[in-house]
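A.B. asks: Provided below are the primary sequence and the corresponding predicted coordinates.
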Amino acid sequence: MTSSTLALSAPVRLIAVSHSGARLVAVHETHFTVVDLATRLAVARGPVSGVVYAAAFTPDDSALLLGTRAPTRVELASLSVAAPAFKGPTSATNAIGFAPDGATAYLANGSFMAPADCYLYAFDLATRAQRWRSTPTPNDGVMDVCALDDRVVIFGEQGAVVVLEPARGASLGRIQLVARAPYGASLVLGASLGGTRVVAVTLDEGTPVVACVDVASKPAVTWHTELELPDGDEDESCVVGRPMVAGDAVHVPVQWSAEGRPRTTLFSLDAADGAVRGRRDLDGCVNHRAIACAGNVLCWAAGASELRFDILG
């Protein structure tokens with residue numbers, strides 16, 4: 001199927017893709033839209049209560065977890081919203097991850113705006129009971145999380161990647177990718193590359209960087225790539241979006257500005273060595289949270305309320 005567009009009823013805040021790659025959910029301010037990726041049509045719509053900063057399909061794709069201030073679960077078959085039962089978080093969740101066996105949900109919380117809630121929470125997904133919470137980097141918000149076979153990796157607001165053991169959340173090691181910087185200037189986002197490797201993105205004194213970190217023992221950087229923006233406005237900051245892994249490639253969205261005009265560019269890197277394979281401008285994209293990969297299909301919000309579907313080359 002070639003590139004196509006889908007008009008939605010409201011601006012898109014963020015996008016999440018199902019584990020099977022068959023569906024995506026576009027989260028709006030007051031509701032969400034479920035899209036079938038085979039037909040690229042909207043097939044369902046459900047309610048959203050509160051501002052959503054993270055959304056994820058459960059491992060069996062039967063429900064959505066919405067990271068509002070009171071995290072909620074929405075059953076997709078009935079579009080019914082379960083009563084809030086993930087007790088503990090006091091701020092909206094930044095990211096949601098799951099253990100490989102699907103039994104545990106990890107909620108990443110906290111920031112300089114919510115310093116009292118800088119925890120990674122582990123919940124039993126079946127009972128929604130809290131198993132543990134961990135704060136290996138005090139006063140450092142947990143921006144992102146991914147779970148490997150016997151490791152949980154968190155990505156901090158102050159330039160650090162921290163490795164935890166999954167039983168109780170005890171720290172197994174950490175690495176400082178860039179110097180600590182305030183107000184989101186060194187926050188890290190990441191994703192699993194499989195095995196014991198993760199990919200992490202951040203800013204280093206304003207320059208977007210992508211790094212591969214091996215967490216088999218002591219965390220170590222195996223490759224490090226700066227993303228060049230030679231035409232970028234020097235007095236305007238840029239924002240790096242969550243990395244997306246598709247096959248042997250890593251795709252990284254960057255929001256930046258050239259001659260006062262906001263732009264969003266998707267960089268594609270080789271997952272093995274970090275070499276930049278190419279870049280494409282996403283014309284009309286103004287929200288780095290509203291970009292996701294479903295296999296070789298790039299899904300992104302163009303303008304206020306339109307979804308674009310493009311084949312990744």
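C.D. replies: Received it, and whenever you're ready, just let me know what you need.

A.B. asks: Please count neighbours and contacts with C-alpha atoms only from this point.
C.D. replies: Noted.

A.B. asks: The helix or strand bottoming out on mean pLDDT in the chain: how far from the chain's middle?
C.D. replies: Least confident helix or strand, the chain: strand 80-81 with a mean of 84, by mean pLDDT, DSSP states H and E. Its chain's average C-alpha position is 24 Å from that of strand 80-81, according to CA atoms, centre = their mean, to the nearest Å.

A.B. asks: Adjacent strands (with direction) for that strand?
C.D. replies: Strand pairing for strand 80-81, using DSSP bridges, gives strand 72-75 (antiparallel).

A.B. asks: quick one: contacts of the strand it pairs with?
C.D. replies: 62-66, 80-86 (CA atoms under 8 Å, 6 or more residues apart in numbering).

A.B. asks: Adding secondary structure, distance to residue 269 and neighbour count, write those residues out as TSV.
C.D. replies: Below are the contacts of strand 72-75 laid out as TSV (DSSP: H, G, I helix; E, B strand; the rest coil; distance: CA to CA, whole Å; neighbours: other CA atoms under 10 Å):
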residue	secondary structure	distance to residue 269	neighbour count
62	coil	32	12
63	strand	32	20
64	strand	30	21
65	strand	30	19
66	strand	30	26
80	strand	40	13
81	strand	39	18
82	coil	40	11
83	coil	42	11
84	coil	40	12
85	coil	40	14
86	coil	37	20
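
A.B. asks: okay, these in JSON lines with distance to residue 49 next?
C.D. replies: Listed next are the contacts of strand 72-75 as JSON lines, based on distance: CA to CA, whole Å:
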{"residue": "62", "distance to residue 49": "19"}
{"residue": "63", "distance to residue 49": "16"}
{"residue": "64", "distance to residue 49": "13"}
{"residue": "65", "distance to residue 49": "12"}
{"residue": "66", "distance to residue 49": "9"}
{"residue": "80", "distance to residue 49": "12"}
{"residue": "81", "distance to residue 49": "9"}
{"residue": "82", "distance to residue 49": "11"}
{"residue": "83", "distance to residue 49": "11"}
{"residue": "84", "distance to residue 49": "11"}
{"residue": "85", "distance to residue 49": "14"}
{"residue": "86", "distance to residue 49": "15"}
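
A.B. asks: now, among those residues, which is nearest to residue 208?
C.D. replies: Closest approach between the contacts of strand 72-75 and residue 208, by CA to CA: residue 66, at 28.3 Å.

A.B. asks: show me the contacts for the closest one.
C.D. replies: Neighbouring residues of residue 66 by CA under 8 Å, 6+ apart: 52-56, 72-74.

A.B. asks: Look up which residues are beta-bridged to it.
C.D. replies: Beta bridges link residue 66 to residue 55, residue 72 when assigned by DSSP bridges.

A.B. asks: Tell me how far it lies from residue 93.
C.D. replies: Residue 66 is 8 Å from residue 93, where distance means CA to CA, to the nearest Å.

A.B. asks: which residues are in contact with both of the two?
C.D. replies: 52-54.

A.B. asks: Nearest to residue 236 among those residues?
C.D. replies: Checking these against residue 236 by CA to CA gives residue 53 as the nearest, at 24.2 Å.

A.B. asks: Most neighbours among the contacts of residue 66, which one?
C.D. replies: residue 55 (26 neighbours; other CA atoms under 10 Å).

A.B. asks: can you redo the contacts of residue 66 as TSV with pLDDT?
C.D. replies: TSV is the format used below for the contacts of residue 66 (pLDDT from 0 to 100):
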residue	pLDDT
52	92
53	92
54	96
55	96
56	97
72	87
73	91
74	92
